[in-house]
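S.K.: make a model of this:
(one chain, ligands or ions: 1)
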Amino acid sequence: MLDRRRVVLAVTGGIAAYKTAFLARRLVESGAQVRVAMSKSAAEFIGPQTFAAIIGEPPYQDLFGADDVSPHTMLARWAELIIVAPATAATIARAANGLSEDLISATLLATEAPVLIAPAMHTEMWENKATKRNIDILRSDGYRFVGPNEGELAGGDVGVGRVAEPEEILSAARAILEPSARGLSVLVTAGGTREPVDPVRYLGNRSSGKMGHAIAEEGARRGYEVTLVTTSDLPVSGGIKVLSVETADEMKAAVDGVEPHIAVLAAAVADFKPADRASEKLARSEGLESIELVKTPDILASLVARDDGPITVGFAAETGGVDRAVEKARQKGVDLLVYNNVLEEGSGFGTDTNRVSFIASDGDVEEMPLMSKSAVAIELWDRIDALVDSRM
Ligand code: PMT
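M.R.: Numbers count the residues shown, from 1 in each chain. Below is the predicted model of the structure:
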């Protein structure tokens, strides 16, 4: 129940505006207090009286109100959540660029509340580079998205751009207002392990820890109790318990000591380590024909094998298409696998951005655009929260 939670429903101009009336009804039935802001073009598609009848007060339609000198700041401060549904390409562009030329864009600019956007537009507009850029900016700024879906659009066209259904938007709103955390604990692994050859050399990889740390930070923001097992010395917010490790064996030992409800394994763990570690620096003059390697423990497999084990999210660092990762998701038995192609520009090791695909346990693949690692973490947590809600 959204017991008396304060939701501003911002309706912009699209044929899908009629569906927002159903959403308003469902929000009211769920116990939320709802105020509606409508753009001028929204009123071309649905009458303000419809919303007034559903929520019990007239919608706000103007930047300058007769009774209220500043409706946008009032709405911005009152809201615990703002839902923009349907959100047109123009509304998204204004928000991404910080414009405040009408009631809705000014409210978005003035608010500190979370904002949930339900885009609706023709496929060509959704796929336009400018719209993609604007969406990426908003995701990086912490805006949340639901939809759009694929289906029938205005004028009989079919494609991606159909607004999410009212129940989907309601469920996304619930995930924001009723966090799933409820005292649950999370283990996150981050960084690349280093497997010593001798006291000065190691076998390692290029992981910086940025992806794993972003996931730990977002988990903590959502109220989870986070333990971060990391090889990285990136700064970490207070409230996150950090266990610093270097090798795969140390990471395994640290993970063995934790009993989390959720485990997100973003670390790049060496699959092999030198069978012996020389106690002194190997000398070039003495020569070295080969280094014998042995397998490291599979940390992910050990978590999946636990009785009553955690919800487990793995990562797959691949250098090719998503197919191998789909197979990996099946083999590893994880609840969710995050695929990234580490050869793609702006994606994978060391970058501030990543382009991932989420692979569900049934093999369903959801491709995401290139976005900041913090935005990837937000998207990932939306999916983990949904798993938590369905299981716990
Ligand atoms: O740290 P950044 O610079 O931000 O880069 C992020 C990243 C590219 C490292 C990250 O997004 C990523 O892809 N991490 C997983 C890298 C990896 O080891 O992939 P893998 O396909 O080899 O392993 C699959 C899964 O098994 C991973 O969840 C890994 O943590 C886990 N694993 C692997 C080997 C092992 N011995 N034990 C494990 O638990």
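S.K.: pretty sure Lys252 contacts Pro297?
M.R.: Yes. Counting by C-beta atoms under 8 Å, Pro297 is a contact partner of Lys252 at 4.5 Å. For glycine as for every other residue, the C-beta is placed from the backbone atoms N, C-alpha and C.
S.K.: of those two, who's got more company?
M.R.: Using other C-beta atoms under 10 Å, the more surrounded residue of Lys252 and Pro297 is Lys252, with 20 against 16.
S.K.: the more buried one in helix, strand or coil?
M.R.: Using DSSP: H, G, I helix; E, B strand; the rest coil, the three-state assignment for Lys252 comes out as helix.
S.K.: that one: what's it in contact with?
M.R.: Lys252 sits next to 296-297, 299, 302 when contact means C-beta atoms under 8 Å, 6 or more residues apart in numbering.
S.K.: which residues of the stretch 251-392 of the chain lie near the ligand?
M.R.: Proximity of the stretch 251-392 of the chain to the ligand is confined to 265-269, 271, 296, 298-300, 314-317, 340, 342, 348-350 under the rule C-beta under 6 Å from any ligand atom.
S.K.: show me the residues you listed that map onto strands.
M.R.: 265, 314-317, 340 (DSSP state E).
S.K.: list the contacts of stretch 268-275.
M.R.: Residues outside stretch 268-275 that contact it (C-beta under 8 Å, 6+ apart): 189, 191-197, 203-207, 247-249, 251, 291-296, 299, 317, 349.
S.K.: which of the ones in strands among the residues of the stretch 251-392 of the chain next to the ligand sit farthest apart?
M.R.: The two members of those with the most space between them (C-beta to C-beta) are Leu265 and Asn340, at 13.4 Å.
S.K.: need the residues touching each of those two.
M.R.: With C-beta under 8 Å, 6+ apart as the test, Leu265 and Asn340 both reach Phe315.
S.K.: name the helix or strand of the protein that has the lowest mean pLDDT.
M.R.: Every helix and strand in the chain was compared by mean pLDDT, DSSP states H and E; the lowest is strand 149-152, with a mean of 84.
S.K.: packing partners for it?
M.R.: With contacts defined as 3 or more C-beta pairs under 8 Å, 6 or more residues apart in numbering; DSSP states H and E, the packing partners of strand 149-152 are strand 158-162.
S.K.: for the strand it packs on, name the packing helices and strands.
M.R.: In this structure, strand 158-162 packs against helix 123-127, strand 149-152, with contacts taken as 3+ C-beta pairs under 8 Å, 6+ apart.
S.K.: just these: most buried one?
M.R.: Highest mean neighbour count of these: helix 123-127, a mean of 15 (counted as mean count of other C-beta atoms under 10 Å).
S.K.: how long is stretch 18-38 end to end?
M.R.: Chord length of stretch 18-38, first to last residue, is 12 Å (C-alpha to C-alpha, to the nearest Å).
S.K.: tell me the mean pLDDT for that stretch?
M.R.: For stretch 18-38, mean pLDDT is 97.
S.K.: tell me the buried residues in that stretch?
M.R.: Within stretch 18-38, the residues scored as buried using 16 or more other C-beta atoms under 10 Å are 19-21, 23-28, 30, 32-38.
S.K.: neighbours of Ser244, just the number please.
M.R.: When neighbours are defined as other C-beta under 10 Å, Ser244 has 13 of them.
S.K.: next one: Gly239
M.R.: There are 10 residues near Gly239, going by other C-beta under 10 Å.
S.K.: do the same with Ser357
M.R.: By the criterion of other C-beta under 10 Å, Ser357 has 19 neighbours.
S.K.: kindly report the same for Asp233.
M.R.: Counted with other C-beta under 10 Å, residues neighbouring Asp233 total 10.
S.K.: report pLDDT for the closest residue in space to it that isn't next to it in sequence.
M.R.: Leaving out its chain neighbours, the residue that sits closest to Asp233 by C-beta to C-beta, 6 or more residues apart in numbering is Ser244, at 7.6 Å. We have a pLDDT of 98 for Ser244.
S.K.: kindly report the same for Ala66.
M.R.: At Ala66, the model reports a pLDDT of 69.
S.K.: return the residues in contact with Leu337.
M.R.: So Leu337 contacts 313-316, 325, 328-329, 358-359 (C-beta under 8 Å, 6+ apart).
S.K.: backbone dihedrals for the nearest residue to it once chain neighbours are set aside, both of them.
M.R.: Spatially, and ignoring its direct neighbours in sequence, Leu337 is nearest to Ala329 (3.9 Å; C-beta to C-beta, 6+ apart). When read as degrees, to the nearest 10, the backbone of Ala329 gives phi -60, psi -40.
S.K.: for the ligand, see how far away Asp68 is.
M.R.: 47 Å (C-beta to the nearest ligand atom, to the nearest Å).
S.K.: give me the element the residue lying closest to that residue once chain neighbours are set aside is part of.
M.R.: Leaving aside its chain neighbours, Asp68 sits nearest to Met74 (5.8 Å; criterion: C-beta to C-beta, 6+ apart). Per DSSP states H and E, Met74 falls inside helix 71-78.
S.K.: next secondary structure after that helix?
M.R.: As assigned by DSSP H and E, the chain's next helix or strand after helix 71-78 is strand 81-87.
S.K.: so the helix or strand that comes right after that next one versus strand 158-162, what angle?
M.R.: Counting by DSSP H and E, the next helix or strand C-terminal to strand 81-87 is helix 89-96. Using axes from the mean of the first three to the mean of the last three C-alpha atoms, to 10 degrees, the direction of helix 89-96 lies 40 degrees away from that of strand 158-162.
S.K.: helix 89-96 - contacts with which helices or strands?
M.R.: So helix 89-96, by 3+ C-beta pairs under 8 Å, 6+ apart, packs with helix 103-110, strand 115-119, helix 129-140.
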